[in-house]
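[1] What shape does this take:
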Amino acid sequence: MYIRLQDLEIRKLNFREEYAPGKIDLGADVRQIAPLKTSGRAEVLHEHHGGKEMISDIRLVGEFSTRLELNCARCLDPVTHEVAAQFDLLYRPLGSDRRADEVSITESETEIGYFEGDGMMLEDVLREQVLLAMPLKSVCSESCKGMCPHCGRNLNQGECDCEPVLKDPRWDALNEIKKRLK
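    Coordinates of the predicted model:
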């Protein structure tokens, strides 16, 4: 869905969309397994930007929900996550904040996104919001044993036949100190 600044000048845009799995590219490691449902509104905000200059920003307020499948960070088995969040975002035309010299920005200015041209795609905003709402690391269970670093076998399904890891002789001096302290 394309949100045009020109249309928002006339009236606010209420949206209610549903995106089938695969419609929005979330990357190779994330699989959307349920429809991505979103609703909200888009509106234009006019902001004074030094003197008589006005900037037309796009404000998006809404929510989304979907179900994703990720790989366990330890054993690579699939893990399902319900992902839902609300958003209140502000987008400014690209280049409107350009200054000739370096200046520091305020914390509120770090929360502003930018759009190019006469509008923006809602799908791009949703992709970003879904990726931000995902857990940083996903595990199938807290007791997941992971994979053998040598043969790659899933240790949750049984032990592997790999030889025990050889001790590194460079640690011998520290191991001796450890034994004396006990």
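[2] which secondary structure elements does the longest strand belonging to the chain contact?
    When secondary structure is assigned using DSSP state E, the longest strand within the chain turns out to be strand 54-71. Under the contact definition 3 or more Cβ pairs under 8 Å, 6 or more residues apart in numbering; DSSP states H and E, strand 54-71 sits against helix 5-10, strand 31-32, strand 36-48, strand 78-93, helix 122-133. Placement of C-beta: from N, CA and C, glycine included.
[3] what distance separates the second one from the middle of the whole chain?
    For strand 31-32, the distance from its own C-alpha centre to the chain's C-alpha centre is 13 Å (Cα atoms, centre = their mean, to the nearest Å).
[4] Can you tell me what sits against that strand?
    Residues external to strand 31-32 that are found in contact with it (Cβ atoms under 8 Å, 6 or more residues apart in numbering): 21-22, 24, 26, 66-70.
[5] rewinding a little: figure out which of the helices and strands packed on strand 54-71 is closest to C162.
    Among those, the nearest to C162 by Cβ to Cβ is strand 78-93 (24.9 Å).
[6] now stretch 6-16: mean pLDDT?
    Across stretch 6-16, pLDDT averages out at 90.
[7] How about stretch 163-182?
    For stretch 163-182, the mean confidence score works out to 84.
[8] Lowest mean pLDDT among the helices and strands, pick that one out for this structure.
    Comparing helices and strands within the chain by mean pLDDT, DSSP states H and E singles out strand 112-115 as the least confident, with a mean of 84.
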